[in-house]
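**Student:** I'd like to go over a predicted model; first the sequence, then the structure.
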Amino acid sequence: MKYIPITKLETISYTILSVILGVGAYFSFTDDAYFDAVYAAEDGLAESATAVVLFAISVLTCIRLFKLWTSKKGLWKFGMIVLILVFIFGAGEEISWGQRIFNIESSEYFKENNAQGETNLHNMVVNGKKVNKIIFSQILTLVLVIYLLILPFLYRKMNWVRNFVNQFSVPVATWSQVIAFLCLTAIITIMPSSRKWELYELGFGMIFFLIVYNPFNIQEVYKK
């Protein structure tokens, strides 16, 4: 079976993520107020770092798209463009599209229909229910389970899955990346703090960057 070695960037990233989670877990159990108000605060370092990581994924994908444009087919290009747009959207949503950075006031519509009065979609309230809970929590959780826990097995076992995934330039996680995601989930789950999900988003962003950077199918997807 093909083995994809862990890169130096992955080793460094896992170390940084371990420190972030370790410190976060410490404050979560010993000083919940500090964790919520400072360590994982709204508009804090964790949230900003998540936006940077998500944007970095789109930049990396853009570079590969232009580099391999002439040697790849239409469906591969389509998959890459979708990935770019998804993570640009994610980065923009994370910082409310620069609203707080540029001190832009929300329109009346967002003030009335957004749980935090911000210009973003994930905090919108529809019929008394937050979009974030329905789409960005429940549906996204299902997608992550399929992508990170089921797809890696299917890709390695079924030729038609492998061909379909490669055709649309979908990066498949290595086992080390899957394990990192499971460890991240386990640590976040046991934290008692309400804002622990800010760290989860950052951790997921870092792991997904590594999946795009060095996927199991790197030769099939990102090589000429």
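**Tutor:** Thanks, I have it.

**Student:** what about Trp176, neighbour count?
**Tutor:** Trp isn't right for residue 176; it's Ser. 18 (other CB atoms under 10 Å). For every residue, glycine as well, the C-beta is placed using N, CA and C.

**Student:** Skip the chain neighbours and tell me the closest residue to it.
**Tutor:** Using CB to CB, 6 or more residues apart in numbering and skipping the chain neighbours, the partner closest in space to Ser176 is Ile6 (5.5 Å).

**Student:** Validate this expectation: the one you found resides in a strand.
**Tutor:** No - under DSSP: H, G, I helix; E, B strand; the rest coil, Ile6 falls outside any strand and is assigned coil.

**Student:** For burial, what's the neighbour tally of it?
**Tutor:** Counted by other CB under 10 Å, the residues lying close to Ile6 total 13.

**Student:** got a pLDDT number for it?
**Tutor:** Listed pLDDT for Ile6 reads 88.

**Student:** same check, this time on Gly98
**Tutor:** On the pLDDT scale, Gly98 gets 73.

**Student:** That one contacts Ala91, doesn't it?
**Tutor:** No - using CB atoms under 8 Å, Gly98 is not in contact with Ala91, being 10.1 Å away.

**Student:** So if I had to pick from these two, which one is more boxed in?
**Tutor:** Taking neighbours as other CB under 10 Å, Gly98 and Ala91 compare with Ala91 leading, 21 against 12.

**Student:** mind checking which helix or strand the more buried one is in?
**Tutor:** helix 74-94 (DSSP states H and E).

**Student:** so how far is the helix or strand that that helix is followed by off the chain centroid?
**Tutor:** Later in the chain than helix 74-94, the nearest helix or strand by DSSP H and E is helix 108-113. Put simply, helix 108-113 sits 27 Å off its chain's centre (CA atoms, centre = their mean, to the nearest Å).

**Student:** contacts for helix 108-113?
**Tutor:** Contacts with helix 108-113, where a contact means CB atoms under 8 Å, 6 or more residues apart in numbering, come from Gly117, Glu118, Thr119, Asn120, Met124, Val125, Val126.

**Student:** Of those residues, which belong to strands?
**Tutor:** Counting by DSSP state E, these place Val125, Val126 in strands.

**Student:** Among the contacts of helix 108-113, name the buried ones.
**Tutor:** Applying a neighbour-count criterion of 16 or more other CB atoms under 10 Å, the buried members of the contacts of helix 108-113 are Glu118, Thr119, Asn120, Met124.

**Student:** just the helices in the protein please.
**Tutor:** Here the chain has its helices, by DSSP state H, at 8-30, 32-34, 45-68, 74-94, 108-113, 131-133, 140-145, 151-157, 159-167, 175-190, 196-213, 218-222.

**Student:** nearest to Phe102, of those helices?
**Tutor:** Set against Phe102 and scored by CB to CB, the helices of the chain come closest in helix 74-94, at 12.7 Å.
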